[in-house]
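Enquirer: Just to be clear, the model below is a prediction. Sequence and coordinates:
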Number of protein chains: 2
Amino acid sequence: MREASNRSNRRVVYETLRRKVLTLELPPGASLSENELAASLGVSRTPVRESLILLGEEGLVRVFPKVGSFVSRVDAERVADAQFLREAVELAAFDDIPETLDPGLLAELRANLEQQRAPGLDLEKFFELDESFHHGLLRLSGHGRAWSTVVAAKGHLDRARRLGLHETNGMGRFVDEHHTILDAVVAGDLPSARAGLRAHLRAVFDDIEKTRRRSPELFASDDGSVPVRRSIAVWE
Amino acid sequence: MREASNRSNRRVVYETLRRKVLTLELPPGASLSENELAASLGVSRTPVRESLILLGEEGLVRVFPKVGSFVSRVDAERVADAQFLREAVELAAFDDIPETLDPGLLAELRANLEQQRAPGLDLEKFFELDESFHHGLLRLSGHGRAWSTVVAAKGHLDRARRLGLHETNGMGRFVDEHHTILDAVVAGDLPSARAGLRAHLRAVFDDIEKTRRRSPELFASDDGSVPVRRSIAVWE
DNA sequence: GTGGCAGCACTTGTATGTAAGCAGCGTCGA
DNA sequence: TCGACGCTGCTTACATACAAGTGCTGCCAC
């Protein structure tokens, strides 16, 4: 099956840039010249440009015609929007949890949680497991495909979370909450599962808000002006 | 190609194509050659190609490398996904309705409903008003910005609705439901508003399902094969 | 020193050229 | 008759050339 080849140059460039933006390797405000990126990635401007357009639609990049392209600042409003959307979707999915859960999927979720408990877990690996866990919760109710929309909308939220966890180092608590939620689902106690999930997502959000109050400069809202070219400390 | 407009060619082409796909002026399966479109729109292939990539990300167009680009068939799974997402978002918004509603926004919504009652309402105009109404409901709770994500996700749903309304001609009932919902919100009766909205959205969905059973060929799910080139009756 | 202006360097937007792959069709051989 | 095979014309993917606008920079007049 020749599906739109995942190996196309554009796909590679897009995924590379997206990852770098989300992991803050490309920090908010960073300049993204089509020419520079093309040269450094060893491709022409075309796939780079097409990737920047896609990232622009996602809100992760701002393109100023004839001026330049820049990684967008973390926008508190967009973070709140994404939080609202994901909470709405993940909670609504619980309404459609079937009587008997898919055993294979359940095993997958348990294995995932096991890995979250691994000692010395890398931060990026944790995020990966966290994503997979929440996606799995949606799949339990047959709404796994809605996850891609959530993912596309929550770029700003993810960057904010990374900023927060860099500062608080408190991912252990989130892992505990994951266990509690899954246990409630398995026990068929949906009200508890709902409450637990809502509290979990809200806790993440509150964490972000704390970070925002502590380091407001990271969250300066995008008002349409071109970012000033200064370096900002992103972590440490 | 002189554009006195500050809107880029790409934006114009993108919006034109998107509108034509959603209104079924470009029916599912239609071929979208970059060259042909560029010639007929009076631009080069570049903005056309970039627009097709964006529409591809939205799922409205399928691009087969080295083969061709086609308007995607209405995919029942994607319709269901969009229905789930919009219902989740619109219902969750009701949780955040403020005590006192924004008077200007309320007046806007009432004026909108008034127009929905206009005699001999054009179908496309109705869809426009419907969109605006639901967006307005979100804005009442301060979650207006989440609408754009819903819009981006519900392309397949919109096409399915158009197919359904062409066959049933029953938009009057939906207008009544709009009134009922808004009245409940204004009265502060959120449980009724929630129930009414859910029933409303489900009714739309059921309507689509009826159409699907009647005309399954319009909904053939996209399995990765290139559409066969045959003409299908889209309405009438 | 300072204000103003011209020009340059660099940006994205658009157009076009080149590469490479699939599909359909006609031909040719058995 | 029928199947294999290569040609041909189309497609998108990628590279590059050109256009047009922006903002910095440094020179120059005062």
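Expert: Received, thanks. Numbering: from 1, shown residues only, chains lettered A, B, ... in the order given.

Enquirer: For chain A, which residues are neighbours of chain B?
Expert: Residues of chain A lying near chain B by Cβ under 8 Å from any Cβ of the partner chain: A:1-5, A:8, A:10, A:50, A:53-54, A:57, A:65, A:77-78, A:81, A:84-85, A:87-89, A:91-93, A:143, A:145-146, A:149, A:152-153. C-beta here means a position set from N, CA and C on the backbone, and glycine is covered the same way.

Enquirer: For the buried ones among these, write the corresponding ChimeraX selection.
Expert: Applying 16 or more other Cβ atoms under 10 Å in any protein chain shown to these, the buried members can be selected in ChimeraX as follows:
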select /A:10,50,53,54,57,78,81,84,85,87,88,89,91,92,93,143,145,146,149,152,153
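
Enquirer: List the contacts of A:Leu41.
Expert: Neighbour list for A:Leu41: A:Val13, A:Thr16, A:Val48 [criterion: Cβ atoms under 8 Å, 6 or more residues apart in numbering or on different chains].

Enquirer: That one and DNA strand D, how far apart?
Expert: From A:Leu41 across to DNA strand D, the span is 9 Å (Cβ to the nearest atom of the strand, to the nearest Å).

Enquirer: again, but for A:Ala187
Expert: Relative to DNA strand D, and taking Cβ to the nearest atom of the strand, A:Ala187 is found at 48 Å.

Enquirer: Could you give the number of residues near that residue?
Expert: With neighbours defined by other Cβ atoms under 10 Å in any protein chain shown, the count for A:Ala187 comes to 10.

Enquirer: Could I get the phi/psi values of it?
Expert: With angles defined as degrees, to the nearest 10, A:Ala187 sits at phi -70, psi -10.

Enquirer: dump the residue contacts of the residue most central in space within chain A.
Expert: Centre of chain A computed as the mean C-alpha position; nearest residue by Cα atoms, centre = their mean is A:Asp158, 3.5 Å away. Contact partners of A:Asp158, counting by Cβ under 8 Å, 6+ apart, are A:Leu22, A:Phe127.

Enquirer: residues making contact with the longest helix seen in chain A?
Expert: Taking DSSP state H as the criterion, chain A has its longest helix at helix A:190-214. With contacts defined as Cβ under 8 Å, 6+ apart, helix A:190-214 is touched by A:76, A:79-80, A:83, A:86-87, A:90-91, A:94, A:97, A:137, A:157, A:160-161, A:163-165, A:167-168, A:170, A:173-174, A:177-178, A:180-181, A:184-185, A:218-219.

Enquirer: mean confidence for it?
Expert: Helix A:190-214 shows a mean pLDDT of 91 in the predicted model.

Enquirer: Buried ones in that helix, by neighbour count?
Expert: A:193-194, A:196-197, A:200-201, A:204-205, A:207-209, A:211-212.

Enquirer: Stretch A:71-79 now?
Expert: The neighbour-count check on stretch A:71-79 (16+ other Cβ under 10 Å) flags A:Val71, A:Ser72, A:Arg73, A:Val74, A:Asp75, A:Ala76, A:Arg78, A:Val79 as buried.

Enquirer: about what we covered before: could you dump the contacts of A:Leu41 into TSV and include neighbour count, secondary structure and distance to DNA strand C?
Expert: Converted to TSV, the contacts of A:Leu41 look like this (neighbours: other Cβ atoms under 10 Å in any protein chain shown; DSSP: H, G, I helix; E, B strand; the rest coil; distance: Cβ to the nearest atom of the strand, whole Å):
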residue	neighbour count	secondary structure	distance to DNA strand C
A:Val13	23	helix	14
A:Thr16	13	helix	16
A:Val48	26	helix	9
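
Enquirer: where does chain A dip in pLDDT?
Expert: For chain A, the stretches with pLDDT under 70 are A:1-6, A:166-170, A:221-236.

Enquirer: Quick one: name the residues of it near DNA strand D.
Expert: By the rule Cβ under 7 Å from any atom of the strand, the part of chain A lying against DNA strand D is A:Ala4, A:Ser8, A:Asn9, A:Arg10, A:Val43, A:Ser44, A:Arg45, A:Thr46, A:Pro47, A:Lys66, A:Val67, A:Val226.

Enquirer: and DNA strand C, which of the residues you listed contact it?
Expert: For DNA strand C, the contacts drawn from these by Cβ under 7 Å from any atom of the strand are A:Arg45, A:Thr46, A:Lys66, A:Val67.

Enquirer: Tell me which stretches of chain A form strands.
Expert: A:61-64, A:68-71 (DSSP state E).

Enquirer: Among those strands, which comes closest to DNA strand C?
Expert: strand A:68-71 (3.8 Å; Cβ to the nearest atom of the strand).

Enquirer: quick one: the closest one near DNA strand C?
Expert: Yes. Residues of strand A:68-71 are located near DNA strand C by Cβ under 7 Å from any atom of the strand, namely A:Gly68, A:Ser69.

Enquirer: Any residues of chain A in contact with DNA strand C? List them.
Expert: Contact residues, chain A versus DNA strand C (Cβ under 7 Å from any atom of the strand): A:2, A:32-36, A:45-46, A:49, A:52, A:63-69.
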